[in-house]
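Colleague: no FASTA, just this:
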DNA sequence: TCCTATATTGGACATTGTCCAAGTCAAGAA
DNA sequence: TTCTTGACTTGGACAATGTCCAATATAGGA
């Protein structure tokens, strides 16, 4: 994740303690925390960090294209640091677990021209819902 | 939409003025109102209707499978009365307009077995984003 | 070290949604 | 038709999530 901080500094970002711990929290695979979760985890390392800074920083990371915003339920948005690899999401309707998944085809290809209503279509989000092994067993 | 009310009455629903106006508001094509919009439109016909009744009724309609909940942005949930026809959504990132779209293939088919992590996958939501003709021109 | 534009903070406020106790009413019974 | 009752509605309090702002602090260049 120091890559990320370097890239951001090159773009004129000030490297503050708050931004550093937020970047650390977002490191890893299959990470999809809500803003509140990021705040709680960041506060573990930097107790005085404010909610506002977390929201500000996450918003900036999204604007810079370093993090993706994901909405899997109608609740809080989640933040996905995996932007290098094109992927979609698989969500367990039992426990809420989220996995990154790679599709074998381009979902844009299955939207026929006559169903585009003249729109210029640029993006697509695909979310699969099901039950994870643990929740299926229960 | 009297179809809907009949079906619901057959299931033991009480037919109240509130439920009637909510059902009327939800009639039509490409309807995707938020709870607040439903409340405002319903209040046009029945001024004393409460927010709580709108939330209650929408929740019941969803539970009964008569209306689908749709989340296209991280904001308010929207309610889609078109459950007869399998479809996905196309959203204008300029003005927020939403269209129902029918895909030419099954999106479940492009999720490979090895990307399912042992989940039992039952549903998929596909949302396309782009600019509608009006917003593209502007 | 000093300066200053930029970042952080706490708290007020906004939006969306849930819950509950009290009052109201739809629809079957008589 | 009128009565009865359990389901429905209501207003308002509360919860969850997110935005905004003025005051304060600080990163990093001069």
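Modeller: Noted; the coordinates are in hand. Keep in mind that what you see is a predicted model, and the values were worked out from it rather than measured.

Colleague: residue A:6: how many residues sit nearby?
Modeller: By other CB atoms under 10 Å in any protein chain shown, the residues close to residue A:6 number 12. Every residue, glycine included, has its C-beta placed from N, CA and C.

Colleague: the helix or strand containing it vs DNA strand D: in contact?
Modeller: Element membership for residue A:6, per DSSP states H and E: helix A:2-10. Yes: Helix A:2-10 comes into contact with DNA strand D (CB under 7 Å from any atom of the strand), by way of residue A:9.

Colleague: contacts for that helix, please.
Modeller: A:15, A:19-20, A:23, A:64, A:66, A:81 (CB atoms under 8 Å, 6 or more residues apart in numbering or on different chains).

Colleague: which of those are buried?
Modeller: The neighbour-count criterion (16 or more other CB atoms under 10 Å in any protein chain shown) marks A:19-20, A:23, A:66, A:81 among the contacts of helix A:2-10 as buried.

Colleague: and which of those residues is nearest DNA strand C?
Modeller: residue A:19 (4.7 Å; CB to the nearest atom of the strand).

Colleague: residues contacting that closest one?
Modeller: By CB under 8 Å, 6+ apart, the contact list for residue A:19 reads A:5, A:8, A:13, A:57.

Colleague: quick check: of the residues you listed, which has the highest neighbour count?
Modeller: residue A:57 (24 neighbours).

Colleague: picking up where we left off before, got the contacts of helix A:2-10 as a markdown table, with distance to DNA strand C, secondary structure and pLDDT columns?
Modeller: A markdown table is the format used below for these (distance: CB to the nearest atom of the strand, whole Å; DSSP: H, G, I helix; E, B strand; the rest coil; pLDDT from 0 to 100):
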| residue | distance to DNA strand C | secondary structure | pLDDT |
| --- | --- | --- | --- |
| A:15 | 9 | coil | 96 |
| A:19 | 5 | helix | 97 |
| A:20 | 9 | helix | 97 |
| A:23 | 11 | helix | 97 |
| A:64 | 11 | coil | 95 |
| A:66 | 14 | coil | 96 |
| A:81 | 17 | coil | 96 |
